[in-house]
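S.K.: What follows is a predicted protein model with its sequence.
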Amino acid sequence: MKKRLNSKLLISCSAILMTLAIATAVWAISDAYKENIYNPGVLKPIDSKLRVKVGQLAPDFTLPAVAGGKVALRQYRGKKSVVLSFVPAAWTPVCSDQWPGYNIVRDMFEARDAILLGITVDNIPTLFSWTNQMGKLWFPVLADFYPHGKVAQRYGLLRTDGVTERAIIVIDKKGIIRYIDVHDINERPSLEALITELEKLQ
C-alpha cells in the first residue's frame with residue numbers, strides 16, 4: 001500500500017514538473033516572440049482606393065505559398081467559398097494577433113465549405129519565420145512580394161507606404177465578391193462579422 005502511494009506521488013510530482021517545464025518553455029517562446037514584434041505606432045486607418053466592388057467577379061491571381069507551390073484563386077471556383085485576408089506586414093502586433101485567431105473558427109469555415117487565404121506583401125522567408133513563431137496556421141499563407149503588391153494593387157488595397165490594407169473579402173463559389181471590409185489598419189476585424197457573412201452564402 002505504502003509503495004503504491006509513493007508510486008502515485010512520484011507520478012504526480014513528475015507530471016507537475018513536466019507541466020511546469022512545458023509552461024516555462026512556452027512562456028519563454030512567447031516572450032521571445034513578443035520581443036521580435038515591431039510596433040509601427042498608430043497609422044492612417046485607410047490609405048488606398050478600392051478597385052473592386054460587391055457583385056463583381058473577383059480578379060484572379062496566382063501566388064507562392066509558404067507551404068510550397070503556388071495557389072490560384074480559380075482553383076476553388078465551384079468548390080469552395082473563399083475569404084481573402086489581406087494584412088499589412090509580418091512581425092507587427094495586430095497582424096500577429098489576427099491570423100492565429102482564425103484557428104479558433106476553423107470548424108466554422110469547414111462547415112460552410114470555405115477556405116481562408118492569408119495574403120501579405122512580405123517574402124516567403126519572412127513569412128515562414130513569422131508563421132512558425134505564431135504556431136501552425138490551417139490556411140495557406142501567400143506572398144504578394146514580387147512584383148511587389150501586384151495582387152493588392154489590382155484589388156485597390158496597396159497603401160502608399162507599400163504595405164496592404166487590413167482587408168477581408170468574401171468570395172462565393174462562383175467567384176463573385178459578396179462582402180468587402182477594408183478595415184481600420186490599427187484594429188483587428190471581427191470574427192463574428194466574418195462568420196455572419198459566410199452564413200449568408202449558404
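M.R.: Looks like it arrived, so ask away.
S.K.: Residue 175 touches residue 80, doesn't it?
M.R.: No - counting by Cβ atoms under 8 Å, residue 80 is not a contact partner of residue 175; they are 10.8 Å apart. In this view, the C-beta of every residue, glycine as well, is placed from N, C-alpha and C.
S.K.: ok, the residue nearest the centre of the chain to residue 48 distance?
M.R.: Geometric centre of the chain, nearest residue: residue 99, 3.0 Å, by Cα atoms, centre = their mean. Using Cβ to Cβ, to the nearest Å, residue 99 is found at 21 Å from residue 48.
S.K.: now do residue 189
M.R.: Summarising the geometry, the distance separating residue 189 from residue 48, computed by Cβ to Cβ, is 16 Å.
S.K.: Show the contacting residues for the closest residue to residue 199 other than its chain neighbours.
M.R.: For residue 199, the nearest residue in space outside its immediate sequence neighbours is residue 112; the separation is 6.9 Å by Cβ to Cβ, 6 or more residues apart in numbering. In this structure, residue 112 makes contact with 81, 198-199, 201-202, judged by Cβ atoms under 8 Å, 6 or more residues apart in numbering.
S.K.: Show me this protein divided up by domain.
M.R.: The record assigns the chain these domain ranges, following automatic domain parsing: 1-35, 62-199.
S.K.: mean confidence score for the longest one?
M.R.: The one in question is domain 62-199. Taken as a whole, domain 62-199 carries a mean pLDDT of 96.
S.K.: Check the separation of the first and last residues in that domain.
M.R.: End-to-end distance of domain 62-199 (Cα to Cα, to the nearest Å): 27 Å.
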